[in-house]
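**Student:** After the sequence you'll find the predicted model.
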2 protein chains.
Amino acid sequence: MGRLRVESLSLSLDGFGAGPNQDLKNPLGLNGLSIMEWFFPTHTFNKMIGKPDGTTGIDNKFASRGFEGIGANIMGRNMFGPIRGPWKDEEWKGWWGPNPPYHSPVFVLTHHTRKPLELEGGNIFYFVTDGIESALKQAQKAAGGKDIRLNGGISVIRQYLSKGLVDYMHLAVSPKLLGAGENLFAGLDLVKLGYSVKENVFGENATHVILGKS
Amino acid sequence: MGRLRVESLSLSLDGFGAGPNQDLKNPLGLNGLSIMEWFFPTHTFNKMIGKPDGTTGIDNKFASRGFEGIGANIMGRNMFGPIRGPWKDEEWKGWWGPNPPYHSPVFVLTHHTRKPLELEGGNIFYFVTDGIESALKQAQKAAGGKDIRLNGGISVIRQYLSKGLVDYMHLAVSPKLLGAGENLFAGLDLVKLGYSVKENVFGENATHVILGKS
């Protein structure tokens, strides 16, 4: 059975994965993008937006790893789009244009049913309304033995962590403060949940930390 | 006027400066000592315990800096000793033996009056009962223009931070999880309080981060 992996989760020094006051203009909240500054210069990000250049050092190695061996994805509804409540129509097709970067089935956690959405490049979005464990089971089945990438946001990752369902977590910690917003660690005792630090590597613009089950 | 400096504050990846269940045997709580592992190999620590050896790299540079230009110290009562409530007698003289490593006046925050305690090596402990701002004023006067080192614990540092009184803070972040205990950041919006990251240096066994007023 494939592992459930969190990859390239950008965090501030004070543990926030998104800043305060998230809205359409600032999907990651106030100064939230600052914690992703390690990612934007990498070749992996440049390739995602159709550019050939980008750095190929340690930061890029960790960014690139996150796409390897992935057979399915899970994400929260707020990561799929800004719409809240029931889906009014099927107009919204994600942030990523006609060919999203997932290239495999994506299971979107929501409380509101919606028909599957098929886009180019092997991207099919399934809308799961019966909880995180059901989404994981469906993703594992779809992944056919490959791993599942748990994309976020922070709230969804915390839900999976709190049930000990995450097998592998890569954090990219930036030397920035956000002060408020969505905190990964608050009230979550990762030691009690069986996690420990497996690897710690200093990259060019972030510290890369791998957490796994002890 | 001398600055108020926090130096060599050891933190876990999840923001804890001490683990859960602090007691006499584990003054830093469960696994709390693990976040100080960067410090013990340094020449600075070895010198403190009367040994000539120790590493002289980046970790040591930051450990050593913490003692430079200091004219007075502030600490919480729990850092001075394990006794709670009123002082029964004057028997307890700190954890450090006859010649503590401060070599300057130390202002101990407590709710219970006690006469000043003079030990060898220029160590005089004053017991301050009228609050953190009074302790700072007294320390500034005693320091004669030099800086004041705010030694901890976490609770005392958080009190000074929440009033914006800390001028400089050196964090040594270790790739460890504590899961629970005393968290430096929880509920404290350092951005709102005017702090930002001034320096970030990867040491041998910890990441050294300098916070200051923006």
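**Tutor:** Arrived safely, thanks for sending.

**Student:** for chain A, which helix is longest?
**Tutor:** Taking DSSP state H as the criterion, chain A has its longest helix at helix A:132-143.

**Student:** Packing partners of it?
**Tutor:** When contacts are defined as 3 or more CB pairs under 8 Å, 6 or more residues apart in numbering or on different chains; DSSP states H and E, helix A:132-143 sits against strand A:70-76, strand A:105-109, strand A:124-128, strand A:147-150, helix A:154-162. C-beta here means a position set from N, CA and C on the backbone, and glycine is covered the same way.

**Student:** can you map out the helices along chain A?
**Tutor:** A:43-48, A:58-65, A:77-80, A:132-143, A:154-162.

**Student:** residues making contact with the second one?
**Tutor:** Yep, that's helix A:58-65 we're talking about. By CB atoms under 8 Å, 6 or more residues apart in numbering or on different chains, the residues outside helix A:58-65 that reach it are A:7-8, A:38-39, A:41-45, A:54, A:170, A:172, A:201-206, A:208.

**Student:** Of these, which qualify as buried by neighbour count?
**Tutor:** A:7-8, A:38-39, A:41-45, A:54, A:170, A:172, A:203, A:205-206, A:208 (16 or more other CB atoms under 10 Å in any protein chain shown).

**Student:** returning to what we had before: quick check: which of the helices and strands packed on helix A:132-143 is nearest to B:Ile132?
**Tutor:** helix A:154-162 (33.4 Å; CB to CB).

**Student:** Any chance of the backbone angles for A:Thr113?
**Tutor:** Main-chain dihedrals, A:Thr113, degrees, to the nearest 10: phi -60, psi 150.

**Student:** Contact partners for it?
**Tutor:** For A:Thr113, the residues meeting the contact criterion (CB under 8 Å, 6+ apart) are A:127, A:129.

**Student:** what's the answer for A:Thr44, then?
**Tutor:** Per CB under 8 Å, 6+ apart, neighbours of A:Thr44: A:54, A:60, A:63-64, A:66-67.

**Student:** let's go with 10 Å and repeat that
**Tutor:** A:8, A:54-56, A:59-67, A:101 (CB atoms under 10 Å, 6 or more residues apart in numbering or on different chains).

**Student:** Generate a ChimeraX selection restricted to the buried subset of these.
**Tutor:** Buried residues among those (16+ other CB under 10 Å), as a ChimeraX selection:
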select /A:8,54,55,59,60,61,62,63,64,65,66,67
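
**Student:** okay, the contacts of A:Thr44 in CSV with pLDDT next?
**Tutor:** Output for the contacts of A:Thr44, formatted as CSV (pLDDT from 0 to 100):
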residue, pLDDT
A:Ser8, 97
A:Gly54, 97
A:Thr55, 97
A:Thr56, 97
A:Asp59, 98
A:Asn60, 98
A:Lys61, 98
A:Phe62, 98
A:Ala63, 97
A:Ser64, 97
A:Arg65, 96
A:Gly66, 96
A:Phe67, 95
A:Pro101, 90
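
**Student:** Show me which of the contacts of A:Thr44 is closest to chain B.
**Tutor:** Ranked by distance to chain B (CB to the nearest CB), the contacts of A:Thr44 are led by A:Asp59 at 13.2 Å.

**Student:** now the closest one, nearest residue through space, not along the chain?
**Tutor:** If the residues on either side of it in the chain are set aside, A:Asp59 comes closest to A:Gly203, at 4.1 Å by CB to CB, 6 or more residues apart in numbering or on different chains.

**Student:** so A:Gln140 touches A:Ala72, yeah?
**Tutor:** Yes - taking CB atoms under 10 Å as the definition, A:Gln140 is a contact partner of A:Ala72 at 7.5 Å.

**Student:** shared neighbours of these two, anything?
**Tutor:** A:2, A:4, A:146-148.

**Student:** Number of residues surrounding A:Met48?
**Tutor:** If you count neighbours by other CB atoms under 10 Å in any protein chain shown, A:Met48 ends up with 16.

**Student:** which other residues reach the longest helix of chain A?
**Tutor:** A:1-4, A:69-76, A:104-110, A:124, A:126-131, A:146-150, A:156, A:159-160, A:162-163, A:165-166.

**Student:** same for chain B: which of those residues are within range?
**Tutor:** Counting by CB under 10 Å from any CB of the partner chain, nothing from the contacts of helix A:132-143 sits close to chain B.

**Student:** Contacts only, for the nearest residue to A:Gly179 once chain neighbours are set aside.
**Tutor:** Leaving aside its sequence neighbours, A:Gly179 sits nearest to B:Val191 (CB to CB, 6+ apart; 2.9 Å). Listed by CB under 10 Å, 6+ apart, the contact partners of B:Val191 are A:12, A:14, A:16, A:19-20, A:30-31, A:176-181, B:214.

**Student:** can you rerun that using 7 Å?
**Tutor:** Residues in contact with B:Val191 (CB atoms under 7 Å, 6 or more residues apart in numbering or on different chains) are A:177-179.

**Student:** Please produce a markdown table containing those, extended by neighbour count and pLDDT.
**Tutor:** Output for the contacts of B:Val191, formatted as a markdown table (neighbours: other CB atoms under 10 Å in any protein chain shown; pLDDT from 0 to 100):
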| residue | neighbour count | pLDDT |
| --- | --- | --- |
| A:Leu177 | 26 | 96 |
| A:Leu178 | 29 | 96 |
| A:Gly179 | 21 | 96 |
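
**Student:** Which of those sits closest to A:Lys25?
**Tutor:** A:Leu178 (16.8 Å).

**Student:** In this structure the closest one contacts A:Asp14, no?
**Tutor:** Yes - using CB atoms under 7 Å, A:Leu178 is in contact with A:Asp14, at 6.2 Å.

**Student:** Need the overlap of contacts for the two.
**Tutor:** Here A:Leu178 and A:Asp14 have no joint contacts, going by CB under 7 Å, 6+ apart.

**Student:** quick one on the thing from earlier: most packed of the helices and strands packed on helix A:132-143?
**Tutor:** With neighbours defined as mean count of other CB atoms under 10 Å in any protein chain shown, the helices and strands packed on helix A:132-143 peak in mean count at strand A:147-150, which reaches a mean of 26.

**Student:** And the contacts of that one?
**Tutor:** A:2-7, A:66, A:69-74, A:136, A:139-140, A:157, A:160, A:166.
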